[in-house]
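1. Task: produce atomic coordinates for the following.
(2 chains)
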Amino acid sequence: MKSLLIEPDRHPKDHPGQERSYTLGPLQAGPPCCDPQTLLSIKNLSLSYGSTPALKNVSLDIYQGCITALIGPSGCGKTSFLSALNRLTDMIPTCNVYGDIHFHGINIHDPKQDVLNLRRNIGMIFQKPLPFPVSIRRNIELPLREHGIDNPTESDAIVQQVLSDVGLWAEVKDRLNAPAQALSGGQQQRLCIARALALKPQVLLMDEPCSALDPISSAVVEDLIQRLRGRYTIVIVTHNLAQAKRIANYAGFFWVSDRAGCLIEFGQCKQIFESPQHELTAAYVNGSRG
Amino acid sequence: MLKNRLATLLIWLSVILISAVFVVLVLDLVRHGWAGLSLAYLVDAPLDAGRGGGIGPIMVSTGLILALTISVAAPLSLATAVFLTEFSSKNSVFSGVIKRSLDVLASVPSIVFGLFGNAFFCVYLGLGFSILSGGLTLACMVLPILIRTFSEGLRAAPDEYRLAAAALGLNRAAALRHFLLPTATPALIAGLMLAIGRAIAETAALIFTSGYVDRMPDSLMDSGRALSIHIYDLSMNVAGGDSHANSAALILISLLFMINTLSSKLAYHWMHKRITCL
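-> Predicted coordinates for the structure are as follows:
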């Protein structure tokens, strides 16, 4: 099977001989995810805030090119789990992470790991759209520039490419210099996704990306996530079970036991929703618990 | 009903009382000092210990002292504020010590700063009575105000920007430069203006450091008389200097008023520019 992996960040600057091009091509849904290859492998991950445990012994594999949905009630550690995957947990002084997370076989919690590069490869989209208080164009340009892409022609091309990828180009092409915060909520969220895509990540972590949006914007963003499948590996936390069922290839069900979050069941999305192995999962997906 | 009216009355009374103090003060200064004001007064050198002539050299000394104070204190304060808010944890012992000492420093009477400045800058460092000593002493004095307002401003910048920037693989310096400092700019300007206001009105800290000399300064190593000291000297030590003291005080109040207006305009302008476009 052809590898779905985008070349891990071969920046043209590193290879002077290559042409300075940036072509993602038009975004289309990738092939269905039938040949699971582990991209992120999580083993015995535990996480605590100070002395309060938030997550206990979570082990699961994230497969390349697939959409993995994490479901479960509030406060069961899904967001903490997501933040541990790109070490955003480092931002919280009291947060301790134990266990192994391997990305391409390398432990990301290794002290020698370049965190900035890791986060470039594992992007994150938050629940609330978080555009920076600058223009639409600058929102995408600034991170690019910080990662060494400062040629205006090149970054303009990337801006157009990623905005087209998220279906925003037609809506904003005449006002790229307008403030990003003047966009609607749904547009802001798509801009944030575009901003993450501009860095050519391999994995996108999404923390309830649709929950702050109205139903129409939510549908647009959900459609976009569908189209990112195959090209990107997506881990999405959602409280919308119907959404998880519609878009995910794999699903993990989190629950609180002993006052700490844990993974109850992980498997193919169809199996989790149609023939759950664990009674808690069955109760949750049928709506009788949680 | 009656209670409500009483409360309204009390509130209005306190508003009127507070404004009245300011209005009476300004009116009194205008009544006694207006006659002495002219363009010549602003540029001429003082004559006869300030009873005649103008305040030209004094304006220059004041400007030099202020410029020196701000150019020394602002970068130091910004660096400290950035360290306190962005690079040290809220509960660390070190930042606790810094904050506590800043609070104490902020409440130290300015005469103590004057004595310290005299002992350290004038005598120990051998700078003598000079604009340099005065400016450095004032810089020490405004540090706590500046650091406090700067760190409040930075802390008010939404945490989400820090998070979003980190998630894009931006380092802290980049997040600070691109998003946090621009967001905090109105607060930074406000802090700067507070500090300038405090420095321009300062007398006690300057008496022992920049001195009384009312000649035009040739360099930062010359002694120079600040506007507030000129007012103090005229009203306390010079018989017949009262009307010129009033004129000088009127100038000082006008300067403060202008600085205040300018700062709020600037802050508004920045906010507006940020919201509409950058």
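
2. close to chain B, is the helix or strand containing residue A:195?
-> Using DSSP states H and E, residue A:195 sits in helix A:185-197. Yes: contact of helix A:185-197 with chain B (Cβ under 8 Å from any Cβ of the partner chain) involves A:192, A:195-196. In short, each C-beta sits where N, CA and C put it, glycine included.

3. what comes up buried for stretch A:242-253?
-> A:243-245, A:247-253 (16 or more other Cβ atoms under 10 Å in any protein chain shown).

4. Taking those residues, tell me the two that lie furthest apart.
-> A:247 and A:253 (16.0 Å; Cβ to Cβ).

5. mind checking how far stretch B:194-203 is from the chain centre?
-> With Cα atoms, centre = their mean, to the nearest Å as the basis, stretch B:194-203 stands 3 Å off its chain's centre.

6. If you could redo that for stretch A:198-214, that was the one I meant.
-> Taking Cα atoms, centre = their mean, one finds stretch A:198-214 lying 5 Å from the centre of the chain it belongs to.

7. And the contacts of stretch B:131-138?
-> Residues from elsewhere that reach stretch B:131-138 (Cβ atoms under 8 Å, 6 or more residues apart in numbering or on different chains): B:61, B:64-69, B:72-73, B:113-114, B:116-118, B:121-122, B:127, B:199, B:202, B:205-206, B:209-211, B:217, B:220-224, B:226.

8. List the buried residues in stretch A:64-83.
-> Quick answer for stretch A:64-83 (16+ other Cβ under 10 Å): A:64-72, A:76-83.

9. and it, how far apart are its ends?
-> 19 Å (Cα to Cα, to the nearest Å).

10. what pLDDT, on average, does it get?
-> Averaged across stretch A:64-83, pLDDT comes to 90.

11. Format the residues of helix A:185-197 next to chain B as JSON lines; extra columns: neighbour count, pLDDT and distance to residue A:269.
-> Converted to JSON lines, those look like this (neighbours: other Cβ atoms under 10 Å in any protein chain shown; pLDDT from 0 to 100; distance: Cβ to Cβ, whole Å):
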{"residue": "A:192", "neighbour count": "28", "pLDDT": "93", "distance to residue A:269": "25"}
{"residue": "A:195", "neighbour count": "29", "pLDDT": "93", "distance to residue A:269": "28"}
{"residue": "A:196", "neighbour count": "28", "pLDDT": "92", "distance to residue A:269": "23"}
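
12. still on that earlier bit, mind listing which of the buried residues of stretch A:242-253 are in strands?
-> Among those, the ones falling in strands (DSSP state E) are A:250-253.

13. rewinding a little: the buried residues of stretch A:242-253 into a markdown table, with extra columns for distance to chain B and pLDDT?
-> Converted to a markdown table, those look like this (distance: Cβ to the nearest Cβ, whole Å; pLDDT from 0 to 100):
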| residue | distance to chain B | pLDDT |
| --- | --- | --- |
| A:243 | 22 | 90 |
| A:244 | 22 | 90 |
| A:245 | 27 | 89 |
| A:247 | 21 | 90 |
| A:248 | 22 | 90 |
| A:249 | 24 | 89 |
| A:250 | 23 | 90 |
| A:251 | 24 | 91 |
| A:252 | 21 | 92 |
| A:253 | 25 | 92 |
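
14. Out of those residues, which is nearest to residue B:92?
-> Nearest to residue B:92 among those: residue A:252, at 36.8 Å, using Cβ to Cβ.

15. List the buried residues in the helix holding residue A:195.
-> For helix A:185-197, using 16+ other Cβ under 10 Å, the buried residues are A:186-197.

16. mind checking how far it is from the chain centre?
-> A distance of 12 Å separates the centroid of the chain from that of helix A:185-197, by Cα atoms, centre = their mean.

17. what helices or strands is the lowest-mean-pLDDT helix or strand in chain B leaning on?
-> Lowest by mean pLDDT, DSSP states H and E among the helices and strands of chain B is helix B:242-276, with a mean of 81. When contacts are defined as 3 or more Cβ pairs under 8 Å, 6 or more residues apart in numbering or on different chains; DSSP states H and E, helix B:242-276 packs onto helix B:2-33, helix B:181-200, helix B:227-236.

18. got JSON lines for those helices, with distance to chain A too?
-> Formatted as JSON lines, the helices and strands packed on helix B:242-276 follow (distance: least, Cβ to the nearest Cβ, whole Å):
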{"stretch": "helix B:2-33", "distance to chain A": "36"}
{"stretch": "helix B:181-200", "distance to chain A": "6"}
{"stretch": "helix B:227-236", "distance to chain A": "40"}
